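Q: can't give you the sequence, but here's the structure:
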């Protein structure tokens, strides 16, 4: 039966800590080997130098004074250092000790590591060198090697304790780091479970440290905001379909019911069918507009964004709507700054501005003046559409963005009440602010495209206040910002 490891020992951070601890341990072993090897060479060279120096002095005394002088010097040094740290041996060719503090040795020439037994005490390690003199005698000089051994023990002990402490700290730090990471992961998991349980407004708390987890949490929260907005948009579309399309569907059913009960000829059936087809076209147009708004609100079209020549786009719209204005005997003027470039979807931007122009023409009387002007500043590009028609009362300027909302004065004109809802959805996608003001007389609609360095500032606040059911209205000269409270859902007037 297998035993499950504690959760903290199964985390990736703890495994990473183990890997780093193993790498650190291997590095310590390599460093220990290098230091041990270098220290051993240094100590051996020091011992060799001490032995070689004594052998040279003894050889000099042999050359100057002969065997007697050599023997006397060896005996004098043994008398001065009976217990080291230097040890001597002079023996004749037959192996008999002539002078010295060592037992007979038959190792020949070279360097040796020996141990000298001592009564009642541990043996003494020595590092020695032996040579054969010209007369056949054997001379060996040794030096106490205990300091080298003690140095080796000290190095091993220091590295052992250092490695043990480092590994304990590594494992302890790994456990603490893993515990902290587990707590943050559990916070994210708990938030995810709450969201799956239906709390779609739940967000993951940010610690404010600015680390990679904070960046991940910020991205997740932005994704949740987008998903919640998309779900709210779908819910709003469903509510709009359920409430606002019920009336035209009821009217269509009544028309069919009346045709079934009263129609007596082919012409009457044909007239009823034409009315039903007209009603169905209006219903399908409303469905299409609602789905279009939901698609835009989901943010999908943002993937197609590119640079758009706004000046050229406005000139094209002027050419398209100039004949319409002439048919209504309206005067349509334009003042467009050349070279205006914005970032967005050309088709959607054209639809947004076209809806504003159409509303101005549709709700302005014969002979009215309609104007389109642009203004460029370092922080924004402003497009203004103005007319001298009846305008919109101040109390209704917030309501006209609601879906299916129509002013009393415009209920007799064709339309579904979704034009300005589409304008608002496209503006929110492109982070464009909308301002409705009095033109004295008439209405002035101002669309403001922010520069990249201002767009994030304005877009984040616009999205936040739209989520709370508010629309930010920005003046012609940022950063002076005012706010009008309006419902989130919107429509044409």
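A: Alright, I've got the coordinates. Computed from a predicted structure; not experimentally measured. Numbers count the residues shown, from 1 in each chain.

Q: How about the contacts made by residue 262?
A: Residue 262 is in contact with residue 268, counting by C-beta atoms under 8 Å, 6 or more residues apart in numbering. In this view, the C-beta of every residue, glycine as well, is placed from N, C-alpha and C.

Q: What does the pLDDT read for it?
A: pLDDT, residue 262: 77.

Q: roughly how far apart are it and residue 272?
A: 9 Å (C-beta to C-beta, to the nearest Å).

Q: and if you look at residue 341?
A: In terms of C-beta to C-beta, residue 341 sits 53 Å off from residue 272.

Q: same deal with residue 335?
A: As for residue 335, its distance to residue 272 is 51 Å (criterion: C-beta to C-beta).

Q: and the nearest residue to residue 84 once chain neighbours are set aside, how many residues sit next to it?
A: Among residues not flanking residue 84 along the chain, residue 144 sits closest, at 4.5 Å (C-beta to C-beta, 6 or more residues apart in numbering). Residue 144: 20 surrounding residues under other C-beta atoms under 10 Å.

Q: For residue 144, give me its contacts.
A: By C-beta under 8 Å, 6+ apart, the neighbours of residue 144 are 84, 85, 86, 87, 124, 125, 126.

Q: of residue 335 and residue 272, who's got more company?
A: Neighbour count, other C-beta under 10 Å: between residue 335 and residue 272, residue 272 has more, with 17 against 10.

Q: In what element of secondary structure is the residue nearest the centre of the chain found?
A: The centroid of the chain falls nearest to residue 215 when counting by C-alpha atoms, centre = their mean (4.0 Å). Using DSSP states H and E, residue 215 falls within helix 212-244.

Q: After that helix, which helix or strand is next?
A: By DSSP H and E, the next helix or strand past helix 212-244 is helix 246-262.

Q: The helix or strand where residue 153 lies - what's its average pLDDT?
A: Here residue 153, judged by DSSP H and E, is contained in helix 146-196. For helix 146-196, mean pLDDT rounds to 79.

Q: Then stretch 88-96?
A: What stretch 88-96 shows for mean pLDDT is 86.

Q: which residues are contacting it?
A: Against stretch 88-96 from outside (C-beta under 8 Å, 6+ apart): 54, 70-71, 74, 77-78, 97-106, 130, 136-142.

Q: tell me the SS of residue 339?
A: Assigned by DSSP: H, G, I helix; E, B strand; the rest coil, the conformation of residue 339 is coil.

Q: now the residue nearest to it when sequence neighbours are not counted: how far from residue 423?
A: Closest residue in space to residue 339, ignoring its immediate chain neighbours: residue 311 at 6.0 Å, by C-beta to C-beta, 6+ apart. To residue 423, residue 311 is 20 Å away according to C-beta to C-beta.

Q: Which one's more surrounded, the two?
A: The neighbour comparison of residue 311 against residue 423 (other C-beta under 10 Å) goes to residue 423, with 27 against 18.

Q: Surely the more buried one and residue 358 touch.
A: No. Using C-beta atoms under 8 Å, residue 423 is not in contact with residue 358, being 10.3 Å away.

Q: re the thing from before, mind listing which of the contacts of residue 144 are in strands?
A: Among the contacts of residue 144, the members falling in strands are 86, 87, 124, 125, 126 (criterion: DSSP state E).

Q: Closest to residue 178 out of the residues you listed?
A: residue 125 (48.4 Å; C-beta to C-beta).

Q: Show me what that closest one bridges to in the sheet.
A: On the basis of DSSP bridges, residue 125 is bridged to residue 115.

Q: Just confirm it contacts residue 118, I think it does.
A: No. Applying C-beta under 8 Å as the test, residue 125 and residue 118 come out as separate, 11.5 Å apart.

Q: and these two? which has more neighbours close in?
A: The neighbour comparison of residue 125 against residue 118 (other C-beta under 10 Å) goes to residue 125, with 15 against 10.

Q: Any stretches of the stretch 1-150 of the chain with poor pLDDT?
A: Within the stretch 1-150 of the chain, the ranges that satisfy pLDDT under 70 run 1-14, 119-121.

Q: give me that answer again for 80
A: Counting by pLDDT under 80, the ranges of the stretch 1-150 of the chain that qualify are 1-25, 28, 32, 83-84, 106-108, 116-123, 146-150.
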